[in-house]
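Visitor: give me a 3D structure for the following:
(chains A and B)
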2 protein chains.
Amino acid sequence: MNEAYYLRLTDRLRELLREPEASEEGRLPAERVLAERFQTTRGTLRQALAQLEAEGIIHRSNRRGWFVSPPRLVYDPTRDAGFNDYVRAQGRRPRTEVLKVETRPHLPAAEALELPAPTLFYHIRRRRYVDDRAVLAESLWVVSDRVPGLLQERFDHSLWGLLRDRWHINLAHRSIRMFSEALGSCDARELGVMPGTAGLGVRRAIFDAERRPVEFDEEHWLHDALCIAVDI
Amino acid sequence: MNEAYYLRLTDRLRELLREPEASEEGRLPAERVLAERFQTTRGTLRQALAQLEAEGIIHRSNRRGWFVSPPRLVYDPTRDAGFNDYVRAQGRRPRTEVLKVETRPHLPAAEALELPAPTLFYHIRRRRYVDDRAVLAESLWVVSDRVPGLLQERFDHSLWGLLRDRWHINLAHRSIRMFSEALGSCDARELGVMPGTAGLGVRRAIFDAERRPVEFDEEHWLHDALCIAVDI
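Guide: Numbering: from 1, shown residues only, chains lettered A, B, ... in the order given. Next up is the predicted model:
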């Protein structure tokens, strides 16, 4: 196949997808119809569609054809905004579900916050939704000594707001690491996908203004749900 | 297969890999040897190895077996450092191979830089290595009007250095987007992996101090090669 032709076809499909009338409720016309419209073979068309799928622009739904993917949520790690704030600022609807609350040690949290291994953390496990799609499974590990009585609170809203307003903790310093990962079986189950599905991991070690450790977050995102944006 | 058994096997392999003598120059024993050692079937062993591959701990090399993956390279998008600089700063060895140089329009570049669709770009396609492992396939799209004669240069070193030193262009503003992706067929082939393998995409729209568009980068990283770090 001619590579230049395939690239041109991909660009033409890209343009087509921007027109609101191109898809019906996000669903693309059948491959046969698209192949006729662009006067190409099914094989070449499929390669162009696969390229757009790889870019996260469209996705396949079992037996139901091709769909336009919702835009990725944009997360700027250099800004001090919580999930609810940046989801709403992008005209989307956030929702949070608390799955588990417990107290226990956690080696990765202790290491990231430079605390002794037996340190006790309040562990809050949550699932978060954007427009009713579960996109994020997260574990928050809060140093229990810093926030006596925390577990009496509700966790279906902003934890950072709670720490600021109720405990007057200034979350001044964040060390953030982001990487591609394959979702483990627990995270995958909570997000309703197969274990091993591509995900985006975010880890955040959070310290107060005096550089005392406060919290360690482990976030697991569906791979097509998030885009990390940094403007400098 | 028993899920608990498979998870235990994965954890035992994980522990084994921490011992320096577990692998010979990073290479794991043959699957047959490992299956005997853990008294398991090749099928179960392969599932455990696939899980560790998904986590970025080991990787397969064509026909040569399994290898322990080197630590992820750390990239801080808020810093103004090029590939050669941050790879060397982490005690690793960078190398760049130029695959193609051409002149053509490119819609995503034009859109990201807010230029008309027919704008001509110099396209430089490169493969970049860390310690002799191909980890990055990238396309650089430089606005051709800004840098007459660019294609006479060599591109196996820093392009940003070239733009600064030879054309006195100050790459002052960068708008960076990072996301999980599946590698398309071209990127995958250049990195020696199967199409659809998990990758990390980085796009960078670069403007000069007067906010005039200069360059658009499309980077495709092997998913286990990079960690994005932001400290605030």
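
Visitor: chain B versus the most far-flung residue of chain A relative to its centre, what's the distance?
Guide: Distance from the C-alpha centroid of chain A, by C-alpha atoms, centre = their mean, peaks at residue A:39 (37.6 Å). Distance of residue A:39 to chain B, computed by C-beta to the nearest C-beta, to the nearest Å: 20 Å. For the C-beta atoms, the positions are set from N, CA and C on the backbone; glycine is no exception.

Visitor: same thing with residue A:132?
Guide: Per C-beta to the nearest C-beta, residue A:132 is found 22 Å from chain B.

Visitor: try residue A:209
Guide: For residue A:209 relative to chain B (C-beta to the nearest C-beta), the value is 13 Å.

Visitor: list the contacts of the nearest residue to that residue once chain neighbours are set aside.
Guide: The shortest distance from residue A:209 to any non-neighbouring residue, by C-beta to C-beta, 6 or more residues apart in numbering or on different chains, is to residue A:172 (4.1 Å). Applying C-beta atoms under 8 Å, 6 or more residues apart in numbering or on different chains, one finds that residue A:172 lies in contact with A:207-209.

Visitor: quick check: closest non-adjacent residue to whatever residue of chain A ends up closest to chain B.
Guide: The minimum distance from chain A to chain B, using C-beta to the nearest C-beta, falls at residue A:182 (2.8 Å). Using C-beta to C-beta, 6+ apart and skipping the chain neighbours, the partner closest in space to residue A:182 is residue B:54 (2.8 Å).

Visitor: go ahead and measure how far the lengthiest helix in chain A is from the middle of the chain.
Guide: In terms of residue count, the longest helix belonging to chain A (DSSP state H) is helix A:3-18. Put simply, helix A:3-18 sits 28 Å off its chain's centre (C-alpha atoms, centre = their mean, to the nearest Å).

Visitor: show me the contact partners of it.
Guide: A:22-23, A:28, A:34, A:38, A:40, A:44-45, A:47-49, A:51-52, A:57-58, A:68, B:107-108.

Visitor: if you count neighbours, what's buried in that helix?
Guide: Buried residues in helix A:3-18, counted by 16 or more other C-beta atoms under 10 Å in any protein chain shown: A:6-7, A:9-11, A:13-14, A:16-17.

Visitor: need those in CSV with distance to residue B:226, can you?
Guide: Putting the buried residues of helix A:3-18 into CSV (distance: C-beta to C-beta, whole Å) gives the following:
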residue, distance to residue B:226
A:6, 28
A:7, 26
A:9, 30
A:10, 25
A:11, 27
A:13, 29
A:14, 26
A:16, 33
A:17, 29
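
Visitor: now the residues you listed as TSV including distance to residue B:201 and pLDDT?
Guide: Output for these, formatted as TSV (distance: C-beta to C-beta, whole Å; pLDDT from 0 to 100):
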residue	distance to residue B:201	pLDDT
A:6	19	76
A:7	17	75
A:9	21	86
A:10	16	84
A:11	18	80
A:13	19	87
A:14	16	83
A:16	22	82
A:17	18	82
